[in-house]
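Enquirer: Could you work out the structure for the sequence below:
(2 chains)
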There are 2 protein chains.
Amino acid sequence: MVNFQFNSGDIVKFRLAREEIEARVLESPDNSVVLVKLNSGYNIGIPKENILDCVIVEKFKEESKKEIIPISKNKPSIGLIVTGGTIASKLDPKTGSAKPLTDVSEFAKFYPRLFEKVNVKKLSIPFMILSENMSSEHWITIAEHAKEMLNDSEIQGVIITHGSDTLHYTSSALSFFLRDLKKPVVLTFSQRSIDRASSDAEMNLDCAVTMALSNCAEVMIVGHATENDDYCFALRGTKVRKMHTSKRNTFKAINCSPIAKVWPDKIEFLEKYNARSEGLTKLDASFNEKVALLKFYPGQDSSILDYYLVQGYKGIIIEMSGLGHVAVGEVKYSWESALKRAIKQGLIVCAVPQTIYGRLNSKVYSSGRALEEIGVIFLEDMLPETAFVKLSWVLGHKNWKNLVREKMLENIVGEFNPLLNE
Amino acid sequence: MVNFQFNSGDIVKFRLAREEIEARVLESPDNSVVLVKLNSGYNIGIPKENILDCVIVEKFKEESKKEIIPISKNKPSIGLIVTGGTIASKLDPKTGSAKPLTDVSEFAKFYPRLFEKVNVKKLSIPFMILSENMSSEHWITIAEHAKEMLNDSEIQGVIITHGSDTLHYTSSALSFFLRDLKKPVVLTFSQRSIDRASSDAEMNLDCAVTMALSNCAEVMIVGHATENDDYCFALRGTKVRKMHTSKRNTFKAINCSPIAKVWPDKIEFLEKYNARSEGLTKLDASFNEKVALLKFYPGQDSSILDYYLVQGYKGIIIEMSGLGHVAVGEVKYSWESALKRAIKQGLIVCAVPQTIYGRLNSKVYSSGRALEEIGVIFLEDMLPETAFVKLSWVLGHKNWKNLVREKMLENIVGEFNPLLNE
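Expert: So this is what the prediction gives:
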């Protein structure tokens, strides 16, 4: 008779007919099945009838809070903004899912190295949310906190921890919102929570510190460069995208090189960058929420444009196929007349590549030429996500009303790569 | 005084102050500027005042038509379907853009090797269009032609030449439409037209022939594997995506390995595949056009779902962030109630990864669990484009009305990679 007297959260070794499994027990919805979280992070259910024996290896205990390491005058100072996401989550042993950390002391407990290496002179937690729940108001709040920290003369750089899902939208938004940037702004994340063996959180944060203290006055995402714990990349905030659901090296530089390879104790720059300088950073967080991002697909009904017009939208980014195409001409699902009508009514329509990689070229095929003639703005090699943020930002400026095309095609914070030949 | 007596189409050598340029002259919209197409494929305008001298190197002449090479009994037979796109286009010397070939004899003139290597026993040109202008009716027509050719006992395989923009939608559609496939169906394309020095057309077509005569009874895309003319990949029709606007190795296997490396004269298989066998291929081209593909972005208004409901849509594929998330819970732009309402009204809602790479997992975060509870179908590692085609196909079957979830999660033609661990 097996003794099942463990609780959820405990680490237990189970003996089965053909193998032994040591894993953390989760709360099971089914009393006849023991649910456990494997070291790989995956959950499996073991029918109780298959368990020959079990031994508790480690009882679960909620750890007590530790105090933040106090500020020391001998260490460089940074600003830290904690916004939620996996990097600020821990395993909930009852459900096996990730649960947000609740306060600074818990964050400090999980990341003691950060607080040992630098003085966290200013720390703010404006909200603790998963990044899929963010929208422009969160980006504006983060930018406000960052600006205040950047303009503190003792602070050398700002680190922002953030969920990874929409991190590249936030990095784009901060790139446009923070004008005259003089210091590093480093966004980092983790794909696996800190209490998992394969967590990328600590190395990402270590490398974020390296970049925050560096000479590089750019908005960057710092994270694993490879699937191993080799080093991180610092990626330009406007040229970066989450490209894998779960891999730790999920963020990729698109249509350019990473700015740098980063280790906890050194940097190897791969690209030109704006150097650190004196002066104040300004905030320009104008944002028009009536901008949409739309992906074209074969047979798509162009009347979706009328929906956006009726809803009062002012701009739309269309992820077009190939070099910048949608159906045009004498075909059943042609977009030509709907686009003409929408643009005539004042809708700003911009094209970006749905291939993700590469540069648009409106000159090669008849579809591209037709779209350009109608007034579609071809955004070269700009990422869809960056283009969405940029158009919202540009249309947020009432005094740029007659400059929208010009501003969209101006390379403001490296959102275009003029060096890319293909 | 420079003599400008060349015509558009001519290849002319221009002497400028600091360099010489030899290029094909295009029709110029501005009489003071000579527009030319460089060997790189890019067009430049040269102000006439900067031209010190010019010499015609080669007069342009429209070549005369040649006859198709006749069928020989000593060569293997294939079926060929020509549908348009760059691979069936040539440079229009007047505009510098790509212009569709008009008929079979012109196609044969550009690709003599194809007609030398095999008997093109059946050839059809159902339409000559750029692939961004295609929709499901084109896919159905291609499938009908392919099925007829496949069921001709002398034909060993079918080659389909096609524009590259939406080729991966067509390959998905054919994968689902052609049931009990017994022979190879090979889609190929080119990124640069055949009359450009860097054209990939001929090698892609050579390798397509290799695969069409092979033992691999799958729907595949065959195209350049690298940026050089090394070899091609044969890529599974449901696990492939155009990933670059202009590079020749634009098609990538997503979340799996290519089926094979292919050369004009050999194959190296990298993956398991269905072997060629006896029997007839059936056509099942049911298709419901009331399916949408939608990409989620931060701050997106969920009332777009109501638009689709009002328009009578039956299904929607949502490209979600990370492991399969949209905004849910107590946030300003929550999708929770709109999704609940839509699903209650019968809309089938499926989740796919907007990262393109990786597999969804609804269990890790609260957002995923909430969406699964509402009834969203998580499509694992399926590509958005494949999912769009598959849902349209599944909803095209009235007798599957109560089997939609089951069918969407069934691995019918390799649209899931069960081997992928992350």
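Enquirer: Contact partners for the residue nearest to A:Met128 when sequence neighbours are not counted?
Expert: For A:Met128, the nearest residue in space outside its immediate sequence neighbours is A:Gly84; the separation is 4.1 Å by C-beta to C-beta, 6 or more residues apart in numbering or on different chains. (Each C-beta comes from the backbone N, C-alpha and C, glycine too.) When contacts are counted by C-beta atoms under 8 Å, 6 or more residues apart in numbering or on different chains, A:Gly84 touches A:100, A:127-131, A:162-163.
Enquirer: A:Gly84 belongs to a strand, doesn't it?
Expert: No: when the secondary structure is assigned by DSSP: H, G, I helix; E, B strand; the rest coil, A:Gly84 falls in coil instead of a strand.
Enquirer: just to revisit the earlier point, in strands only, show me the contacts of A:Gly84.
Expert: Members of the contacts of A:Gly84 lying in strands (criterion: DSSP state E): A:Pro100.
Enquirer: quick revisit: could you report the distance from the residue nearest to A:Met128 to chain B?
Expert: Counting by C-beta to the nearest C-beta, to the nearest Å, the gap from A:Gly84 to chain B is 11 Å.
Enquirer: Could you do A:Ile317 as well?
Expert: 9 Å.
Enquirer: pretty sure that residue belongs to a strand, no?
Expert: Yes: secondary structure assignment (three-state DSSP) places A:Ile317 inside a strand.
Enquirer: Can you get me a residue count around it?
Expert: Burial measure for A:Ile317: 30 neighbouring residues, criterion other C-beta atoms under 10 Å in any protein chain shown.
Enquirer: beta partners for it?
Expert: Counting by DSSP bridges, A:Ile317 forms beta bridges with A:Leu293, A:Cys350.
Enquirer: packing partners for the strand or helix carrying A:Ala208?
Expert: Applying DSSP states H and E as the criterion places A:Ala208 in helix A:201-212. With contacts taken as 3 or more C-beta pairs under 8 Å, 6 or more residues apart in numbering or on different chains; DSSP states H and E, helix A:201-212 sits against helix A:112-117, strand A:155-161, strand A:185-188, strand A:219-224, strand A:232-236, strand A:260-262.
Enquirer: Using PDB, write out the CA atom coordinates for it.
Expert: Written as PDB, here are the backbone C-alpha positions of helix A:201-212 (Å, rounded to 0.1, in the frame of the first residue of the first chain):
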ATOM      1  CA  ALA A 201      16.600  35.200 -16.300                       C
ATOM      2  CA  GLU A 202      19.800  35.600 -14.400                       C
ATOM      3  CA  MET A 203      22.200  35.600 -17.400                       C
ATOM      4  CA  ASN A 204      19.900  38.000 -19.300                       C
ATOM      5  CA  LEU A 205      19.800  40.300 -16.300                       C
ATOM      6  CA  ASP A 206      23.600  40.100 -15.800                       C
ATOM      7  CA  CYS A 207      24.200  41.100 -19.400                       C
ATOM      8  CA  ALA A 208      21.500  43.800 -19.100                       C
ATOM      9  CA  VAL A 209      23.700  45.300 -16.400                       C
ATOM     10  CA  THR A 210      26.700  45.200 -18.700                       C
ATOM     11  CA  MET A 211      24.800  47.100 -21.400                       C
ATOM     12  CA  ALA A 212      23.200  49.600 -18.900                       C
END
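Enquirer: so how far is stretch A:284-294 from its chain's centroid?
Expert: What separates the centre of stretch A:284-294 from the centre of its chain is 18 Å, taken as C-alpha atoms, centre = their mean, to the nearest Å.
Enquirer: Give me the distance between the two termini of that stretch.
Expert: Taking C-alpha to C-alpha, to the nearest Å as the measure, stretch A:284-294 stretches 26 Å from start to finish.
Enquirer: Can you tell me what sits against that stretch?
Expert: Residues external to stretch A:284-294 that are found in contact with it (C-beta under 8 Å, 6+ apart): A:136, A:139-140, A:143-144, A:173, A:176-177, A:179, A:304, A:308, A:311-319, A:384-385, A:387-388, A:391-393, A:395-397, B:295, B:297, B:299-300.
Enquirer: Show me which of those are buried.
Expert: Judged by neighbour count, with 16 or more other C-beta atoms under 10 Å in any protein chain shown as the criterion, the buried members of the contacts of stretch A:284-294 are A:136, A:139-140, A:143, A:173, A:176-177, A:304, A:308, A:313-319, A:384-385, A:387-388, A:391-393, A:395-396, B:295, B:297, B:299-300.
Enquirer: For the closest residue to chain B within the stretch 301-422 of chain A, give me its contacts.
Expert: The nearest approach of the stretch 301-422 of chain A to chain B comes at A:Gly358, 3.0 Å away (C-beta to the nearest C-beta). A:Gly358 makes contact with A:255, A:381, A:422, B:244-247, B:250 under the criterion C-beta under 8 Å, 6+ apart.
Enquirer: most neighbours, which of these?
Expert: Counting neighbours by other C-beta under 10 Å, the top entry in the contacts of A:Gly358 is B:Thr245, with 27 neighbours.
Enquirer: if I look at that residue, how far off is A:Gly414?
Expert: With the distance defined as C-beta to C-beta, to the nearest Å, B:Thr245 ends up 19 Å from A:Gly414.
Enquirer: Pull the contacting residues for A:Glu385.
Expert: Contacts here follow C-beta under 8 Å, 6+ apart; on that basis A:Glu385 touches A:168-169, A:172, A:241, A:293, B:297.
Enquirer: so which of the residues you listed is the most crowded?
Expert: Note: the member of the contacts of A:Glu385 with the most neighbours is A:Ser172, at 30 neighbours, neighbours being other C-beta under 10 Å.
Enquirer: Tell me who's in contact with that residue.
Expert: Contacts were defined as C-beta under 8 Å, 6+ apart; by that measure A:Ser172 touches A:237-238, A:383, A:385-386, A:389-390, A:415.
Enquirer: if you set the cut-off to 10 Å instead, what comes out?
Expert: With contacts defined as C-beta atoms under 10 Å, 6 or more residues apart in numbering or on different chains, the neighbours of A:Ser172 are A:139, A:219, A:236-241, A:382-383, A:385-390, A:392-393, A:413, A:415.
Enquirer: Report the spatially nearest residue to it, omitting neighbours in sequence.
Expert: A:Val389 (4.1 Å).
Enquirer: hang on, that neighbour is in a helix, isn't it?
Expert: Yes: counting by three-state DSSP, one finds A:Val389 located in a helix.
Enquirer: Give the buried residues for stretch A:283-298.
Expert: Buried residues in stretch A:283-298, counting neighbours by 16+ other C-beta under 10 Å, are found at A:283, A:285-298.
Enquirer: swap in stretch A:27-36?
Expert: Judged by neighbour count (16+ other C-beta under 10 Å), stretch A:27-36 contains these buried residues: A:28, A:34-36.
Enquirer: From chain B, how far off is the nearest residue to A:Ile267 once chain neighbours are set aside?
Expert: In space, not counting the residues next to it along the chain, A:Ile267 is nearest to A:Ala260; the distance is 5.1 Å by C-beta to C-beta, 6+ apart. Taken as C-beta to the nearest C-beta, the spacing of A:Ala260 relative to chain B amounts to 23 Å.
Enquirer: close enough to count as contact, A:Ala260 and A:Ile221?
Expert: No: no contact is recorded between A:Ala260 and A:Ile221 when judged using C-beta atoms under 10 Å, the distance being 11.8 Å.
Enquirer: quick one: which of these two has more around it?
Expert: Remark: of A:Ala260 and A:Ile221, A:Ile221 carries more neighbours, 32 against 27, as counted by other C-beta under 10 Å.
Enquirer: before we move on, back to that, show me the buried residues of stretch A:283-298 that map onto helices.
Expert: Judged by DSSP state H, the subset of those located in helices is empty.
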